[in-house]
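Colleague: coords below, sequence missing:
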């Protein structure tokens, strides 16, 4: 019978499996190496390793960083952009701005589609949707021929003013489709009918470069799972903090640009809440990158203005996340100026860190942790052996350049890595006016537990939570969400003149599209929830506020009142006498999915029983090697109090409790590290987290 | 960084949190303005915000503030303090846009709110926004031909607009009644006033949390920190003096002859001195600058070489400047200064780039394209519109080549790297102007071992209009964007009306009040950046990549770089470098190029007229400057331009 909720999250280095048994309330996790060339192989391997009978799966949720990595590493299919004549550079001129206004040497990334691959057709629609110049079929056919010769695999079409009338885009697509039946084509008027050419073109471009890769991958995975007995759909996590099924993935591939990342943020919010914290910083440190999210007063920050790389916005609503190129696999290197650097280049999972013995020769953070004794040479319950001699060899150039011992070199590598991550943490907390002292750090990902205590100390964050299954937190997050689609449309009208029927019709059209999306996902009507938002502003203003309105809209007066109130709340002033206009419509479509309920555990067993042994671990703050106890995490009893230095190991991750720090274990088996910010710690900081001391 | 932290009386975490809270408070104010403003100029980020201490000194500017307002906001705060002194009360709000009192130009309207804690004045919050119109004879308040300020727009000296919490409606009405679309100006005013209130609330929250003493100490400590940080960095640099000259195209009253702006930079221990002695007197159009905006050019030009240092008065304390009174960089009242941004400002900032490139070659930067903006104002006669419209647009263009990489393609001007290019779809909805193309211009990047970034070109057609006029405020149609360390210039600015038709007309880079009718079209190029390093040393493979992407043509690959490329099958990007021919061509150019710069300009122009050479050859090969409306040589400008080419380019060729 179907009783298992399964989530698989594919990261750059590892593929994580999280299984929740609906009947026994038990959790199983598994981890296997990612297979970036064919990610589905890693997924299947993970399921097999976890011994999951596919016919018993009731829900299969999936998160993947394939999209993010493909964009950052520019591993993209041969993609062409087709625009209105005269506008192929809109994507390169962008808005002309840059992220760092003052550093003339810090550039905006190049467009995902080079100028040589951007083509134009003669056509034009005006601001009102009136077609000034129709599509010339012959010209498009010639272009199709050229694109065929160029071996194009995907096409993005974005014409000027297509947000108001997409006819020319559709005609062009249909002609191209006939000539290039196997090529993935995406058009702007279908995926994001919103005004402003650069933002729409950028979203369309990203949809196109990710489309073929991601949709082929999901289809392949679906076939493989079906062959193994899973009859349901794959729920794919998207950046908006919801899931969609494979059919919709194909259409909205751009929403997967930070799929796994969103899942991690959701998990960190959930876990912080379990532990009683309303403010949390999520730190998901994986093999290639670290993703940072922020929960304030119980809510994740959302944005419509986001990107994987600055300058190329993705117009779909998304959870706000800061990603930096620092992970376990980040390479340490010496730059032209002779200084020691860390990342953003990563060894990934292939060849991986030097100690993986898969051909990597440059040192990574993982190698440094291994040398210092923080990481055991035997990982994944002994399925993976690290080769210390390779790690030592990889450090040689750094030792020679700086005259370091191996310990000093490894320690220096980690200090640079931690400084980079601290800067990023500052950027989203202190820099935005949030005092880190008011937050908890939820650290996960395979490498989160190795670095988090030091990061928290640096930022004066008093507590760190390491979830029970930190290596698979993102996979866990995939089980905590609903189906979700956000459909938007530009609609400009004076609220006094607006025709309510027309407005209701426009909403109904979006909802029809949304319902179709949910129906494809087999959501039953009673589980569908449709929320209408009106984007409103004072006539003459440039930005708008989203106001929830009724379905159907009977009167706009209450929306108008709400708008004035919201303007007052958000900006401390309003102007009820002034003309208000509608600027856009948005429908948030939710298909609710039941969520797992985690079991609470009672204290049992002793800390001593969890002790695996001792290891010599290098701590610079203790000027050398310290005999450090190593605990086996699954055996750690609830309510344990651990004094640092100590190391806690589990299948997929390692937690460092540095000297002078303490840690406790809560009823959900989360480890909470109490940070020694400075001064003597008598353990009182930790004791408030223990309800009944069994030590 | 560690050095700079010493002597700080606050603990490191409190200092760090407060420093960043100040930045955040200012950025929050900016964000609110962005979300509530009416002027599209503000919306596209022509605005700045600041927190000033009770003396008017800058505690912190915002991270996204545009360069051109840097180092002027404290001057306007001090103007308010000077005029009102003891007569400043809780609930007051002041207004100022006076360039003769530290402002930049009339369009930049500043709202200044004093902040009190228990009846003691502790700070001023300032919001500066570029209003779309502030009156005057031309829509958009840019009359390029004006010689004094009376026709330019409303001059607002320090004025109280809120008194002890009461809105002075009559004063506000007096001001906005002299502007086009007054309701929208009141909207901007409200947006700015409320934003300063948000910052006030935030500041008072910090005072509650950290105590008034701590916050006041932090006010001065963040300024001290920035000053110490800057001085520490200066101590690592050599002492010395460096000088250069850059030019404004012309004084319309004087005719041929570019207008020199001389910049001499000295570093002595941990101080910076700028001396602009020898700069030309104020000129007969509005391309003059007041004291404040020239100072801003020096600050911003310097700051580019210290990108990590936060902006506040601590930075300004390190820099001293002599701006000769009555000159084009320090024009006296009532000389027109509204065009300072296209005129002296761009010259000063690029001159600073050149000087600092000698001191810190690892951050070297050739000249970037000059700010260019175009205004069309008139009656929108489209169905359902029937209202006054303004199409106010600025170009993206190329930035200068760098020591290790090409310049950035099609970016906002250095005048304001955060200034956002407007979306054509938004413009088409609001105005009867249809954009026919907006694209990167081939061969516009100045040749160099590292090419200048490419410029762009934008064309438009007028649809249903009545009584419309066009103005352009730009420069560098003669003082063409230059290369550095052997690199070459890019391309001249200048707009055309009805291009490629029988009524084609060259309007230049600087004109106003050109009447337009329905169906008229226009085109505008923006310059690329200047090249850096000898173009004959550019890796031929990079030239080939540029050809494939259409940044450089096959013809100019030969002329500018001496790289001979054969097109085999362009449809599938197949090209080939002919290596032997390339070696020959490079030798030929190397042997002749210095002579080309001495060839009789009249003979050169003859070659141009009969088609032997083109416009880019005139500038890049021969250094000859002509008037494109008559195709005649400008002798004096050519002489000046060739001197400049010899110093910045030829002197570095083997």
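Modeller: Received it, and whenever you're ready, just let me know what you need. Small disclaimer: the values here were computed from a predicted structure and weren't measured.

Colleague: quick one, helices of the stretch 151-300 of chain B?
Modeller: Taking DSSP state H, counting those that start in this stretch as the test, the helices found in the stretch 151-300 of chain B are B:169-176, B:182-210, B:212-235, B:291-303.

Colleague: I'd like to know which of those lies nearest to chain A.
Modeller: Set against chain A and scored by C-beta to the nearest C-beta, these come closest in helix B:182-210, at 4.5 Å. All C-beta atoms are positioned from the backbone trio N, CA, C, and that covers glycine.

Colleague: just how off-centre is the closest one within its chain?
Modeller: Taking the mean C-alpha point of helix B:182-210 and that of its whole chain, the gap between them comes to 27 Å (C-alpha atoms, centre = their mean, to the nearest Å).

Colleague: Okay, angle between that helix and helix B:212-235 too, please.
Modeller: For helix B:182-210 against helix B:212-235, the angle between stretch directions is 100 degrees (axes from the mean of the first three to the mean of the last three C-alpha atoms, to 10 degrees).

Colleague: which strands and helices sit next to helix B:182-210?
Modeller: helix B:12-36, strand B:47-53, strand B:93-96, strand B:108-117, strand B:120-130, strand B:159-163, helix B:169-176, helix B:212-235 (3 or more C-beta pairs under 8 Å, 6 or more residues apart in numbering or on different chains; DSSP states H and E).

Colleague: Tell me which of the helices of the stretch 151-300 of chain B is the most buried.
Modeller: Mean neighbours per residue, mean count of other C-beta atoms under 10 Å in any protein chain shown, is largest over these for helix B:291-303, with a mean of 26.

Colleague: Output the contacting helices and strands for that helix.
Modeller: Using 3+ C-beta pairs under 8 Å, 6+ apart, helix B:291-303 is in contact with helix B:73-84, helix B:313-316, strand B:319-322, helix B:346-359.

Colleague: mind redoing it with 6 Å?
Modeller: Helix B:291-303 sits against helix B:346-359, with contacts defined as 3 or more C-beta pairs under 6 Å, 6 or more residues apart in numbering or on different chains; DSSP states H and E.

Colleague: Make CSV from the helices of the stretch 151-300 of chain B and add mean pLDDT to it.
Modeller: Supplementary listing: the helices of the stretch 151-300 of chain B in CSV, determined by pLDDT from 0 to 100:
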stretch, mean pLDDT
helix B:169-176, 97
helix B:182-210, 92
helix B:212-235, 94
helix B:291-303, 95
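
Colleague: so which of the ones you listed gets nearest residue A:516?
Modeller: The closest approach between residue A:516 and any of the helices of the stretch 151-300 of chain B, judged by C-beta to C-beta, belongs to helix B:182-210 at 40.9 Å.

Colleague: Run through the residues that contact the spatially most central residue of chain B.
Modeller: When C-alpha atoms, centre = their mean is applied to chain B, the residue found nearest the centroid is residue B:415 (1.9 Å). Under the criterion of C-beta atoms under 6 Å, 6 or more residues apart in numbering or on different chains, the contact list for residue B:415 reads B:68, B:341, B:371.

Colleague: Residue B:350: which of these is nearest?
Modeller: residue B:371 (11.1 Å).

Colleague: Can you tell me how far that closest one is from chain A?
Modeller: According to C-beta to the nearest C-beta, to the nearest Å, residue B:371 and chain A sit 12 Å apart.

Colleague: Ok, residue B:273 next?
Modeller: Note on residue B:273: its distance to chain A, by C-beta to the nearest C-beta, is 22 Å.

Colleague: Count the neighbours of the spatially closest residue to residue A:111 that is not a sequence neighbour for me.
Modeller: Computed as C-beta to C-beta, 6 or more residues apart in numbering or on different chains, the closest residue to residue A:111 that is not its neighbour in sequence is residue A:91, at 4.8 Å. Taking other C-beta atoms under 10 Å in any protein chain shown as the neighbour definition, residue A:91 ends up with a count of 24.

Colleague: And residue A:91, how close does it get to residue A:186?
Modeller: As for residue A:91, its distance to residue A:186 is 14 Å (criterion: C-beta to C-beta, to the nearest Å).

Colleague: Repeat that for residue A:519.
Modeller: Relative to residue A:186, residue A:519 is positioned 22 Å away (criterion: C-beta to C-beta).

Colleague: Compare these two (neighbour count), which wins?
Modeller: Relative neighbour count places residue A:186 above the other of residue A:519 and residue A:186, with 29 against 13, counting by other C-beta under 10 Å.

Colleague: same for the strand or helix carrying that one, what does it pack against?
Modeller: Take DSSP states H and E as the rule and residue A:186 turns out to sit in strand A:184-187. When contacts are defined as 3+ C-beta pairs under 6 Å, 6+ apart, strand A:184-187 sits against strand A:154-158, helix A:167-179, helix A:197-227.

Colleague: Go again with 10 Å.
Modeller: Judged by 3 or more C-beta pairs under 10 Å, 6 or more residues apart in numbering or on different chains; DSSP states H and E, the packing partners of strand A:184-187 are strand A:79-84, strand A:154-158, helix A:167-179, helix A:197-227, helix A:246-251.

Colleague: any idea how far the one residue in the stretch 1-150 of chain A that gets nearest to chain B lies from residue A:658?
Modeller: Residue nearest to chain B within the stretch 1-150 of chain A: residue A:86 (2.8 Å; C-beta to the nearest C-beta). Applying C-beta to C-beta, the value for residue A:86 to residue A:658 is 60 Å.

Colleague: And residue A:505, by the same measure?
Modeller: Distance of residue A:505 to residue A:658, given as C-beta to C-beta: 62 Å.

Colleague: So which residues on the stretch 401-550 of chain A come close to chain B?
Modeller: In this structure, the stretch 401-550 of chain A approaches chain B at residues A:426-427, A:429-437, A:459-460, A:490, A:492, A:537-545, judged by C-beta under 10 Å from any C-beta of the partner chain.

Colleague: just checking, which of the residues you listed belong to helices?
Modeller: Among these, the members falling in helices are A:426, A:427, A:459 (criterion: DSSP state H).

Colleague: Look up the closest residue to the first one, ignoring the ones flanking it.
Modeller: With sequence-adjacent residues excluded and distances taken as C-beta to C-beta, 6+ apart, residue A:426 is closest to residue A:459, at 6.9 Å.

Colleague: ok, the one you found - contacts?
Modeller: In this structure, residue A:459 makes contact with A:281, A:421-422, A:425-426, A:429-430, A:435-437, A:439, A:441, A:675, A:677, B:13, B:16, judged by C-beta atoms under 10 Å, 6 or more residues apart in numbering or on different chains.

Colleague: swap in residue A:559?
Modeller: If you count contacts by C-beta under 10 Å, 6+ apart, residue A:559 has them with A:495, A:532, A:534, A:536, A:547, A:548, A:549, A:550, A:553, A:580, A:582.

Colleague: quick one: which helix or strand includes it?
Modeller: For residue A:559, the enclosing helix or strand under DSSP H and E is helix A:557-571.

Colleague: Could you identify the helix or strand that succeeds that helix?
Modeller: Using DSSP H and E, the helix or strand that directly follows helix A:557-571 along the chain is strand A:580-591.

Colleague: That following strand: partners in the sheet, and parallel or antiparallel?
Modeller: The sheet places strand A:580-591 alongside strand A:483-494 (antiparallel), strand A:528-538 (antiparallel), with pairing taken from DSSP bridges.
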